[in-house]
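# Sequence isn't available, so here's the structure alone:
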């Protein structure tokens, strides 16, 4: 499988400086498991002031990112045969673990971080393969959303997480319970001490019976999902 490449088009490349130097993302880059390129949209701005936005036709509040500027920025990115252009937008498809599993199959993800009131619709119509939202709320810009997509997808790259099985037993993974496959939240975890302020670790987890532990985990995951996110069971 070719190395996954991320190209992030942003007005604030320094936003990503700290996250890319920490934890598993930094280790993955050091091990050459993936490639991350940051592209400053302002480098392609118009005129001496590198203007990237303008007021909307028809009036209204705020500014809109220009289609010509974004087009030039996108054209500068070297594309692969299996690339996908993604616009981070509150009006996009909701990011899910299932969608992340589909995106990790690509060779290249080009993430466009929107700003201001949004981007000229012609850029979306002509160049964007998919719009993605990380939730039903508004951020100052697409950088935070791009970082969420980056981490969600990157951790599914083989070798990114130390124990690959750990990504298969998380919330929103598909579990099989009594012959039925369901998307569940993750079961609760416990570690030492075995008792704290009168609260004891469930005895089943201390039994050493792995089959019973597995069954308990599936059942508690189901009960938690039923209580907290019943919509996942629909």
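All right, it came through fine. In this text, all values refer to a predicted model and were calculated from it rather than measured experimentally.

# Tell me where the longest strand sits in the protein.
Longest strand of the chain, by residue count under DSSP state E: strand 83-94.

# Check which residues of it are buried.
Judged by neighbour count (16 or more other C-beta atoms under 10 Å), strand 83-94 contains these buried residues: 83, 84, 85, 86, 87, 88, 89, 90, 92. To be clear about C-beta, it is placed using only N, CA and C from the backbone, and glycine gets the same treatment.

# Starting from residue 125, give me the distance back to the fifth one.
When distance is defined by C-beta to C-beta, to the nearest Å, residue 87 is 11 Å away from residue 125.

# likewise the fourth one?
Between residue 86 and residue 125 the computed distance is 15 Å (C-beta to C-beta).

# Equivalent analysis for residue 7, please.
Using C-beta to C-beta, residue 7 is found at 20 Å from residue 125.

# higher neighbour count, those two?
Ranked by neighbour count (other C-beta atoms under 10 Å), residue 7 and residue 125 place residue 7 first, with 22 against 9.

# I'd assumed residue 37 was in contact with the more buried one.
Yes: under the criterion of C-beta atoms under 8 Å, residue 7 makes contact with residue 37 at 4.8 Å.

# Mind listing the shared neighbours of the two?
Listed as contacting both residue 7 and residue 37 by C-beta atoms under 8 Å, 6 or more residues apart in numbering are residue 77.

# and the helix of greatest length in the chain, what's its mean pLDDT?
Using DSSP state H, we find that the single longest helix of the chain is helix 210-228. Computed over helix 210-228, the mean pLDDT rounds to 94.

# and it, what other elements does it pack with?
If you count contacts as 3 or more C-beta pairs under 8 Å, 6 or more residues apart in numbering; DSSP states H and E, helix 210-228 packs onto strand 173-177, strand 180-184.

# Which parts of this protein are strands?
Using DSSP E, strands in the chain cover 4-10, 34-40, 53-54, 64-65, 83-94, 108-113, 130-133, 173-177, 180-184, 195-196, 199-200.

# average pLDDT across the last one?
Across strand 199-200, the average pLDDT comes to 96.

# Adjacent strands (with direction) for that strand?
Sheet pairing for strand 199-200, assigned by DSSP bridges, gives strand 195-196 (antiparallel).

# Contacts only, for residue 202.
Per C-beta under 8 Å, 6+ apart, neighbours of residue 202: 190, 216.

# Please apply the same query to residue 59.
Contacts of residue 59 were listed using C-beta under 8 Å, 6+ apart, and none were found.

# And residue 66, by the same measure?
Shown in contact with residue 66 (C-beta under 8 Å, 6+ apart): 46, 51, 52, 53, 54, 120.

# Out of those, who's the most crowded?
residue 52 (23 neighbours).

# ok, residue 93 touching residue 130?
Yes: taking contacts as C-beta under 8 Å, residue 93 lies within contact range of residue 130: 6.6 Å.

# if we can go back for a sec, which pair in the buried residues of strand 83-94 has the greatest spatial separation?
Distance extremes for these: the farthest pair is 83 and 90 at 23.7 Å, using C-beta to C-beta.

# Helix or strand with the lowest mean pLDDT in the protein?
Every helix and strand of the chain was ranked by mean pLDDT, DSSP states H and E. The lowest is strand 173-177, at a mean of 66.
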